[in-house]
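> Could you work out the structure for the sequence below:
(chains A and B)
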Amino acid sequence: MTKQKNDTPVCEGKGAGQPAVDQVEQRRRKRDTLRELGVEPYGQRFENVQAVADVREAVKAVEFEPGKRTEHRARVAGRIALLRLMGKLAFVTIRDRSGKIQLGLSRADLGDSWPVLKQLDLGDIVGAEGVLGKTRTGELTVWVDRLTVLSKAVRPPPEKWHGLTDVDLRYRRRYVDLFSNPEVLAVFQQRSAIIGAIRASLVGEGYYEVDTPVLQPIYGGAAARPFTTHHNTLDMKLYMRISPELYLKRLLVGGMERVFEISRNFRNEGISTKHNPEFTMVELYEAYADYNVMMERVEQMVAAAYDVSTLKALPDRTELLEREKERIGTDQDEAAASAYAEAEHLAAYQTAREGVVAGRRMVVFNGTVLDVTPPWSRRKYADLLLEYAGVAMGDEAAVLAKAKELGIETGGKDHAVVVNTLFEATVERQLIQPTFVYDYPAAICPLTRRHPDDPSVALRFEAFVAGMELGNAYTELNDPEEQSANFKRQVAGEGDETMAVMDDDFLTALEYGMPPAGGLGVGIDRLVMVLTDSASIRDVILFPLQRSTAATDG
RNA sequence: GGGGGUGUAGCUCAGUGGUAGAGCAACGGCCUUUUAAGCCGUGGGCCCUGGGUUCGAGUCCCAGCACCCUCACCA
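Residues are numbered from 1 along each chain as shown, chains lettered A, B, ... in the order given. Purely as a prediction, here's the structure:
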């Protein structure tokens, strides 16, 4: 749909009289008029700009007399969100990264610059300087004496109240989504803060941040199909990494005893609200630790991430929903069920807010209240399987019977694989509150040390939140013989954890001696989803993969 | 891959087989403290694409394309 419409150039005039001119053409004309007025429509550096939020903060304590101006000056810049021209006076609301502020412009103040105003449109970027005041209605206003055009937008922005809602277009033109939907911008600002907090948290524990290859001759560390590519000069087949694991462990061998990487991984698998072909993990390894330490690291990182994001987000989102509810209330035939759902959602926010007041770290995700305050619940894999599937992990007959009952394919599959499929089908979606599930069937954990008291299980845990896998961790296997044997089984295609090629160099590294260690990967995108109440992974990835690249136009 | 849904003006959306609609945005006019500003007027459409049924299709049928939800698959 986008292609067809946007390729249409200027609308042709129908019938007699004036030719019909589309909005882009109108704006181009205004751009030209600006040049005729001696105003360059694409400005340059605009110095000493204050963020709108900083302007507000600076005069927080000032007592304004409504209708009067003060001596406080402000210099701001942003995109025009609202434009109201009234004869010799205009109000222009601009938005920058930190918020909105109103500009007041009068012909008396602007003098010769006044005609410039008529050439401005919604979506243009302007700079303005003037004195602060409040209108009779109490709105903080910059009474502009100098107006600078910084960028003329020749395309009109989306409708000002609803913004851009077409999901496809929002992802394809994320830049429009970002400037027209402030809550989207807020999500990505929080994402930035969350990654910063995780980084700071690990650096504070003495971790080194490293970068390991994205282009790998041998892929490993996870069971997923890779994207393949080719290097021309070396005439070499390469894979985009599916995991940084095997490289980070080499660094443990090298003596970097605490390392982490914020790693973009690429998996050539299905796309869903929880899966994007490229996604971000923080993966870390800590010598002399084990998976119990890794549980603490998860709790610590999530707490750090929470502290920089949700405390701010909670009231904002509540306000947003209240506004939404109000809007629905005014639309007469809007489904009452929808309003009810919103009310339920608000109730969840209320509960979360009360929890926060009581000192808990609580969020609302998809309408469910989650408490991510450490410590999280720790549950043994086998116990959960017994509880939700009603079968003992070691009881092959019972596991098979239950799997068949649920329509799970079992033919020719390893017992551990059947067990895990059963686990995924019965247990995972029940794990709403943050939970560490530990001691997985050993056969599905080729990189994990086995339990010293029970070799059928491995020292691995996965972290679940809202029925979604958030992280995965092991007490790392550092025995090269055992690792070699596990790899051989994988290459042979056993246990559903296949590997294309043996990574001999990794085994060589282990033979030099890798310290015992705990290792952990946490899905950043999913964590951001939970902390920003985003229902789809595409809402926390700036440019999620979309079909068809032909949609761009001039 | 299965099931369900959506696709109409720049944006958000109505539309009952019979000449294509609203709000916002745009254009013209009035207006010096407005609040999603208002009032008067004007322009703007390959109704996703391709077939079919029909005297007549935005509407009904079939196929396709794109997106969303869901199930399946998926460390």
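
> just checking, what packs against the one helix or strand A:Tyr239 maps to?
Per DSSP states H and E: A:Tyr239 is located in strand A:236-240. Applying 3 or more Cβ pairs under 8 Å, 6 or more residues apart in numbering; DSSP states H and E, one finds that strand A:236-240 contacts strand A:215-216, strand A:228-231. For the C-beta atoms, the positions are set from N, CA and C on the backbone; glycine is no exception.

> mind listing what that strand pairs with, with the direction of each?
Using DSSP bridges, strand A:236-240 pairs in its sheet with strand A:215-216 (antiparallel), strand A:228-231 (antiparallel).

> With RNA strand B as the reference, name the closest of those.
Closest of these to RNA strand B is strand A:215-216, at 15.3 Å (criterion: Cβ to the nearest atom of the strand).

> which residues touch that closest one?
Contact partners of strand A:215-216, identified using Cβ atoms under 8 Å, 6 or more residues apart in numbering, comprise A:229, A:231, A:238-241, A:247.

> nearest residue to A:Asp54 other than its sequence neighbours?
Leaving out its chain neighbours, the residue that sits closest to A:Asp54 by Cβ to Cβ, 6 or more residues apart in numbering is A:Ser98, at 7.2 Å.

> ok, that neighbour to RNA strand B distance?
In this view, A:Ser98 and RNA strand B are 18 Å apart by Cβ to the nearest atom of the strand, to the nearest Å.

> Look at that residue and report its pLDDT.
Looking at A:Ser98, its pLDDT reads 90.

> any idea how far A:Val49 is from it?
Distance, A:Ser98 to A:Val49, using Cβ to Cβ, to the nearest Å: 11 Å.

> what's the answer for A:Gln26, then?
From A:Gln26 to A:Val49 the distance is 29 Å (Cβ to Cβ).

> what's the answer for A:Val92, then?
Remark: distance between A:Val92 and A:Val49 (Cβ to Cβ) = 16 Å.

> Settle it for me: which of those two has more neighbours?
A:Val92 (26 against 18; other Cβ atoms under 10 Å).

> Which pLDDT value belongs to the nearest residue to A:Met362 once chain neighbours are set aside?
Excluding the flanking residues, the one nearest A:Met362 by Cβ to Cβ, 6+ apart is A:Gly355, at 3.7 Å. At A:Gly355, the model reports a pLDDT of 88.

> A:Thr532 versus A:Gly355, what's the distance?
In terms of Cβ to Cβ, A:Gly355 sits 17 Å off from A:Thr532.

> Equivalent analysis for A:Lys152, please.
Relative to A:Thr532, and taking Cβ to Cβ, A:Lys152 is found at 33 Å.

> out of everything not next to it in sequence, what's closest to the closest residue to RNA strand B within the stretch 301-450 of chain A?
Per Cβ to the nearest atom of the strand, A:Pro446 is where the stretch 301-450 of chain A lies closest to RNA strand B, at 5.1 Å. Distances taken as Cβ to Cβ, 6+ apart put A:Asn486 closest to A:Pro446, at 3.9 Å, once the chain neighbours are dropped.

> rewinding a little: nearest to RNA strand B among the contacts of strand A:215-216?
Among those, and counting by Cβ to the nearest atom of the strand, the member closest to RNA strand B is A:Arg241, at 11.9 Å.

> isn't the closest one right up against A:Tyr219?
Yes: assessed by Cβ atoms under 8 Å, A:Arg241 is found in contact with A:Tyr219 at 6.5 Å.

> shared neighbours, those two?
A:Pro226.

> Can you spell out which helices and strands pack onto the helix or strand where A:Leu284 lies?
A:Leu284 belongs to strand A:278-287 when elements are defined using DSSP H and E. With contacts defined as 3+ Cβ pairs under 8 Å, 6+ apart, strand A:278-287 has these neighbours: helix A:182-204, helix A:245-253, strand A:258-266, helix A:291-330, strand A:517-523, helix A:524-532.

> Surely A:Phe436 is in a strand?
Yes: under DSSP: H, G, I helix; E, B strand; the rest coil, A:Phe436 falls within a strand.

> can you tell me how far it sits from A:Leu527?
15 Å.

> and what of A:Phe487?
31 Å.

> Show me which of those two is the more surrounded one.
Per other Cβ under 10 Å, whichever of A:Phe487 and A:Leu527 has more neighbours is A:Leu527, with 30 against 20.

> count of neighbours near A:Leu140?
17.

> residues touching the closest residue to it other than its chain neighbours, list them.
Nearest residue to A:Leu140 in three dimensions, chain neighbours excluded: A:Lys134, at 5.8 Å (Cβ to Cβ, 6+ apart). Contact partners of A:Lys134, counting by Cβ under 8 Å, 6+ apart, are A:64-68, A:140-141.

> Tell me the gap between stretch A:371-384 and the middle of its chain.
Remark: stretch A:371-384 is offset 25 Å from the chain centroid, using Cα atoms, centre = their mean, to the nearest Å.

> Likewise for stretch A:432-443?
Put simply, stretch A:432-443 sits 25 Å off its chain's centre (Cα atoms, centre = their mean).

> Let me see the contact set for A:Asn486.
Residues in contact with A:Asn486 (Cβ under 8 Å, 6+ apart) are A:446-447, A:477.

> Just the residues you listed: which are in helices?
Counting by DSSP state H, no part of the contacts of A:Asn486 is found in helices.

> Just name the closest of the residues you listed to A:Gln546, please.
A:Leu447 (33.5 Å; Cβ to Cβ).

> Quick check: A:Lys30 vs A:Arg360, distance?
Taking Cβ to Cβ as the measure, A:Lys30 falls 53 Å from A:Arg360.

> between the strands paired with strand A:236-240, which has the poorest average model confidence?
strand A:228-231 (a mean of 90).

> What lies in contact with it?
A:215, A:236-240.

> Distance from the chain centre to that strand, please.
For strand A:228-231, the distance to the chain centre is 28 Å (Cα atoms, centre = their mean).

> quick one: which of A:Gly355 and A:Thr532 has more around it?
Neighbour totals were compared for A:Gly355 and A:Thr532, and A:Thr532 leads with 23 against 18 (other Cβ under 10 Å).

> Go ahead and confirm that one touches A:Gln189.
No: contact criterion Cβ under 8 Å: A:Thr532 and A:Gln189 do not qualify, at 9.8 Å.

> which secondary structure elements does the helix or strand containing A:Ile94 contact?
Using DSSP H and E, A:Ile94 sits in strand A:89-96. Where contact means 3+ Cβ pairs under 8 Å, 6+ apart, strand A:89-96 is packed against helix A:52-58, strand A:69-86, strand A:99-106, strand A:125-134.

> State the distance from the nearest residue in space to A:Ser309 that is not next to it in sequence to A:Ala53.
Among residues not flanking A:Ser309 along the chain, A:Gln190 sits closest, at 4.3 Å (Cβ to Cβ, 6+ apart). As judged by Cβ to Cβ, A:Gln190 and A:Ala53 stand 15 Å apart.

> Check A:Ala61 too.
Taking Cβ to Cβ as the measure, A:Ala61 falls 15 Å from A:Ala53.

> returning to that earlier point: and A:Arg258, which of the strands paired with strand A:236-240 is closest to it?
strand A:215-216 (22.9 Å).
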